[in-house]
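Asker: model this:
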Amino acid sequence: LGGLLPQGEGGGLSSSVLILFVLVTVLSLVPGLAMMVTCLPFMVIVFSFIRQALGVQQAPPNMMLMALAMFLTFFIMEPTFTEAWANGVGPYTEGQISEEQAWTATTGPFRDFMDARTDPEAVPVLGNALNRPVAEDEEPSFALLSTAFMLSEIKHAFQIGFVIFLPFLVIDLVVASVLMAVGMMMVPPTVVSLPFKVGFFVLADGWLKITEALLRGYAG
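Answerer: Here you go, the predicted structure:
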């Protein structure tokens, strides 16, 4: 590396080594970081609820749901990514700011995004659980804020999942009641209700409507 990378004063390696190290570390932690500070967990959980509510276990497959969630996450988070790069990563790679300034400028847009989606009671509860109370006018640490954000996103996803399940539960109950009324108790209700649930979801344009609702939740 000493022969390939430029050297600074005194024969020591310049900040290129540090930049390379940070880049490799960030790339190895991308899946975890995506789960921590973006809306990816929310998208994945909601889409999983849709598939379970329909009763189709392998359609669409996991890879397709993950790809859809990742593209929607990038679409939603693009302004945050752009701001973080313009304020922190870009100036740091050009040597205009220090590492500490770069960290603050890079995480600032993510803090704003997480603050807007985190339940107000989540941060104090987690802080008190660790005997590290957070005052109302105090800015929580990045680790505490990201944890509260993930828990809040999971909570919101389960709330939407409950709403998604309701109409399909009604269809299951109606089909089960009709089968019992005609004496077909040996026929599994889920087998009969599956075409009706899929047809209802397709006629309502469910994928597009739910995706539109999810995007509107992050608008602004």
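Asker: which SS class is Val187?
Answerer: In the three-state summary, Val187 is assigned as coil, counting by DSSP: H, G, I helix; E, B strand; the rest coil.
Asker: Please apply the same query to Met184.
Answerer: Applying three-state DSSP: Met184 is coil.
Asker: Met186: how many residues sit nearby?
Answerer: 6 (other CB atoms under 10 Å). From N, CA and C alone the C-beta is placed, and that goes for glycine too.
Asker: actually Leu72, not the one I wrote
Answerer: Neighbours around Leu72, by other CB under 10 Å: 19.
Asker: Kindly provide the distance from the closest residue to it other than its chain neighbours to Glu136.
Answerer: Excluding the flanking residues, the one nearest Leu72 by CB to CB, 6 or more residues apart in numbering is Met43, at 5.5 Å. According to CB to CB, to the nearest Å, Met43 stands 31 Å off from Glu136.
Asker: More neighbours: those two, which one.
Answerer: Met43 (23 against 7).
Asker: surely the more buried one meets Leu214?
Answerer: Yes - under the criterion of CB atoms under 8 Å, Met43 makes contact with Leu214 at 6.8 Å.
Asker: which residues are in contact with both of the two?
Answerer: Counting by CB atoms under 8 Å, 6 or more residues apart in numbering, the contacts common to Met43 and Leu214 are Leu72.
Asker: Confirm that the residue nearest to Leu72 sits in a strand.
Answerer: No - counting by three-state DSSP, Met43 is not part of a strand but helix.
Asker: Provide a list of residues in contact with it.
Answerer: 68-69, 72-73, 214.
Asker: right, and the helix or strand after the longest helix anywhere in the chain?
Answerer: The single longest helix within the chain, with elements called by DSSP state H, is helix 142-181. Going down the chain from helix 142-181, the next helix or strand is helix 189-203, by DSSP states H and E.
Asker: That next one: which residues count as buried?
Answerer: 189, 192-194, 197, 200-201 (16 or more other CB atoms under 10 Å).
Asker: Just send the residues you listed back as a markdown table, with pLDDT and distance to Pro79 too.
Answerer: Putting the buried residues of helix 189-203 into a markdown table (pLDDT from 0 to 100; distance: CB to CB, whole Å) gives the following:
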| residue | pLDDT | distance to Pro79 |
| --- | --- | --- |
| Pro189 | 74 | 46 |
| Val192 | 80 | 47 |
| Ser193 | 82 | 42 |
| Leu194 | 85 | 40 |
| Lys197 | 87 | 37 |
| Phe200 | 85 | 35 |
| Phe201 | 85 | 31 |
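Asker: Dump those to CSV, plus distance to Pro61.
Answerer: Below are the buried residues of helix 189-203 laid out as CSV (distance: CB to CB, whole Å):
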residue, distance to Pro61
Pro189, 25
Val192, 25
Ser193, 22
Leu194, 18
Lys197, 19
Phe200, 22
Phe201, 17
